[in-house]
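Trainee: A predicted structure for the sequence below; I have some questions about it.
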Amino acid sequence: MSQIIIDHISKIYVTKKEAQLALKDISFTIEDGEFISVIGPSGCGKTTLLSMISGILEPTKGSITLNGHPIEPKTTNVGYMLQQDYLFPWLTIENNIMTGMRMKNTLTAESKEKALFLLQKMGLFEKKDLYPNQLSGGMRQRVALVRMLASNPLFMLLDEPFSALDYQTKLKLEDLVFTTLKKERKTAILVTHDIGEAISMSDRIILLNSQPGRIHRIFDVPKSLRDKVPFEARQSPQFTEQFNIIWEELESLESKKTSR
Ligand SMILES: Nc1ncnc2c1ncn2[C@@H]1O[C@H](COP(=O)(O)OP(=O)(O)OP(=O)(O)O)[C@@H](O)[C@H]1O
């Protein structure tokens, strides 16, 4: 079980020149097994929020807890999937996956077996002795997904994991990540610039406003869309309806930002 409570957090960045309020009074709860997306104009604080949920960055005010306890970057088992795959070029695919678990101290006979099983399910078992540069971008992100899931993290942070991929690969990976996380009942937070991706993958979408970053609106994705895999959800008329609502809200924030 993984419930994350974000309780009235604010973040001020202090530089030599100035103090900047990056996030202001953010509160929401991510329920166990829920998939949340965070969207908003550039610079609204999405990465800052994710860094605080990971425990890497401390909020200036407020608290973030996982099942009632603070999140410790060294001891809390958090899964990451980022825009870059961060695979080690000098290690084989198999060793890349195992190294992640070794570093987290979660490498056991069971987790190794699970990793190889996942690799097989992702159609990459035959590639296990190859090096990352011998794989396509989409394959490398699938390896990153296996690496993340194999160590059985308590929750996942996904920071633009598909944005460097071509459109077709991105759509296929969205389906793969969606079905895998649903099956594993993992709690996940996705940061994305892609409204369509947020709608087709999430249970709820948090739209942040900028300067300072604060919650503008939280959208519940209709159940009829949540029950579909992202590729199918994107074909549905309800998807277009949701897309237009969120697009208009985001546009209104962008235009307020440029008129300031
Ligand atoms: N280490 C830092 N020191 C000072 N200011 C920072 C730092 N990191 C981020 N900021 C500022 O905080 C604000 C939020 O930045 P953040 O990167 O979290 O936004 P974002 O929504 O992820 O942006 P983008 O969509 O462009 O990736 C920005 O104004 C940024 O300039």
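Mentor: Done, it's in.

Trainee: which residue ranges form the helices in the stretch 151-260 of the chain?
Mentor: Per DSSP state H, counting those that start in this stretch, the stretch 151-260 of the chain carries helices over the ranges 167-184, 195-201, 223-226, 230-233, 237-259.

Trainee: out of those, nearest to residue 147?
Mentor: helix 167-184 (12.8 Å; C-beta to C-beta). To be clear about C-beta, it is placed using only N, CA and C from the backbone, and glycine gets the same treatment.

Trainee: which strands or helices does the closest one pack on?
Mentor: helix 137-150, helix 195-201, helix 230-233 (3 or more C-beta pairs under 8 Å, 6 or more residues apart in numbering; DSSP states H and E).

Trainee: and it, how far from the chain's centre?
Mentor: 12 Å (C-alpha atoms, centre = their mean, to the nearest Å).

Trainee: stretch 31-45 now?
Mentor: Remark: stretch 31-45 is offset 8 Å from the chain centroid, using C-alpha atoms, centre = their mean.

Trainee: deepest of the helices of the stretch 151-260 of the chain, which one?
Mentor: Ranked by average neighbour count under the criterion mean count of other C-beta atoms under 10 Å, the helices of the stretch 151-260 of the chain are headed by helix 195-201 at a mean of 24.

Trainee: which strands or helices does that one pack on?
Mentor: strand 35-39, helix 167-184, strand 187-191, helix 230-233, helix 237-259.

Trainee: redo that, cut-off 7 Å
Mentor: strand 35-39, helix 167-184, helix 230-233, helix 237-259 (3 or more C-beta pairs under 7 Å, 6 or more residues apart in numbering; DSSP states H and E).

Trainee: out of these, which is closest to the ligand?
Mentor: strand 35-39 (8.4 Å; C-beta to the nearest ligand atom).

Trainee: what residues does the closest one touch?
Mentor: 30, 46, 49, 181, 188-192, 195, 198, 201-208 (C-beta atoms under 7 Å, 6 or more residues apart in numbering).

Trainee: who does the residue nearest in space to the middle of the chain form a beta bridge with?
Mentor: In the chain, the residue lying closest to the centroid (C-alpha atoms, centre = their mean) is residue 158, at 1.9 Å. For residue 158, the beta-bridge partners are residue 81, residue 190 (DSSP bridges).

Trainee: what about it, distance to the ligand?
Mentor: Here residue 158 is placed at a distance of 13 Å from the ligand (C-beta to the nearest ligand atom, to the nearest Å).

Trainee: was I right about that residue contacting residue 190?
Mentor: Yes. Here residue 158 lies in contact with residue 190, judged by C-beta atoms under 7 Å, at a distance of 4.3 Å.

Trainee: what's the angle from the helix or strand hosting residue 117 to helix 137-150?
Mentor: When elements are assigned from DSSP states H and E, residue 117 belongs to helix 109-121. If you take axes from the mean of the first three to the mean of the last three C-alpha atoms, to 10 degrees, helix 109-121 sits at 150 degrees to helix 137-150.

Trainee: next, the angle helix 167-184 makes with helix 109-121.
Mentor: Using the same axes, to 10 degrees, helix 109-121 lies at 140 degrees relative to helix 167-184.
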